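J.: here are the coordinates; sequence isn't available:
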């Protein structure tokens, strides 16, 4: 097997390992969704703090007063929300759950509108189904809010990790099969040609 094929096979193997770890993380997030939800809340808090620092840097490089003031306001807003999520993750998780519910409602309505616009085209029914399902999920989370904060974000993150890990695993396994087939074909083709009788 050539060096390129060997390296590609090693990369595919590591991708399979990473995929399995993602799937395990997804299952754990669904089993203990409150811990996963709090973890996501704190991570988002830190990302917002970093975004605030970056906006402060953009303000430093601004050339107009309005741009500088706008960047400073954004920096303070991002940093304040981030610090709030880090310092108070439980109420922050409730706020995050409410924001996700609002996002799901908007997403479901937009998908439903697009499905009706594309109604004569094949596949538009699936888009409508996705929109209705998204609205049902949003209604379930919203109806139980703020109690749904303990499970909603963690379950959503768990499902996302599990499905992403599964998709990555399937692609990685397909790549490994293709690499094995390529290596077998190359080694069979490298033999001496068979003479005709």
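T.: That came in fine, so what should we check first? Note that the structure is a prediction, hence the values are computed from the model and not measured.
J.: And the lowest mean pLDDT element among the helices and strands of this structure?
T.: helix 152-189 (a mean of 76; mean pLDDT, DSSP states H and E).
J.: helices and strands around that one, which ones?
T.: Where contact means 3 or more CB pairs under 8 Å, 6 or more residues apart in numbering; DSSP states H and E, helix 152-189 is packed against helix 3-31, helix 33-60, helix 89-117. The way it works is simple: take the backbone N, C-alpha and C, and place the C-beta from them, glycine included.
J.: Please state the offset of the following helix or strand past the second one from the chain centre?
T.: Where DSSP states H and E defines the elements, the next helix or strand beyond helix 33-60 is helix 65-87. Once both centres are worked out by CA atoms, centre = their mean, to the nearest Å, helix 65-87 turns out to sit 25 Å from its chain's centre.
J.: so helix 65-87 versus helix 33-60, what angle?
T.: 160 degrees (axes from the mean of the first three to the mean of the last three CA atoms, to 10 degrees).
J.: what's the offset of the least confident helix or strand of the chain from the middle of its chain?
T.: 17 Å.
J.: Give me the buried positions along that helix.
T.: 152-158, 161-162, 165, 168-169, 172, 175-176, 179, 183 (16 or more other CB atoms under 10 Å).
J.: coming back round to it: let me have the helices and strands packed on helix 152-189 in a markdown table, adding distance to residue 81 as columns.
T.: Converted to a markdown table, the helices and strands packed on helix 152-189 look like this (distance: least, CB to CB, whole Å):
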| stretch | distance to residue 81 |
| --- | --- |
| helix 3-31 | 23 |
| helix 33-60 | 5 |
| helix 89-117 | 9 |
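J.: need those in JSON lines with mean pLDDT and mean neighbour count, can you?
T.: Listed next are the helices and strands packed on helix 152-189 as JSON lines, based on pLDDT from 0 to 100; neighbours: other CB atoms under 10 Å:
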{"stretch": "helix 3-31", "mean pLDDT": "84", "mean neighbour count": "15"}
{"stretch": "helix 33-60", "mean pLDDT": "87", "mean neighbour count": "17"}
{"stretch": "helix 89-117", "mean pLDDT": "83", "mean neighbour count": "17"}
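J.: Tell me which of the ones you listed sits nearest to residue 128.
T.: helix 89-117 (3.6 Å; CB to CB).
J.: name the helices or strands packed onto that closest one?
T.: Helix 89-117 packs on helix 33-60, helix 65-87, helix 124-143, helix 152-189, going by 3+ CB pairs under 8 Å, 6+ apart.
J.: Could you report the neighbour count for the closest residue to residue 111 other than its chain neighbours?
T.: Nearest residue to residue 111, sequence neighbours excluded (CB to CB, 6 or more residues apart in numbering): residue 131, at 3.3 Å. Counted with other CB atoms under 10 Å, the neighbours of residue 131 add up to 20.
J.: Quick check, residue 131 in contact with residue 118.
T.: No. Using CB atoms under 8 Å as the test, residue 131 is too far from residue 118 to be in contact (11.6 Å).
J.: tell me, what residue is most central in this protein?
T.: Taking CA atoms, centre = their mean, the centroid of the chain lies closest to residue 160, which sits 6.1 Å from it.
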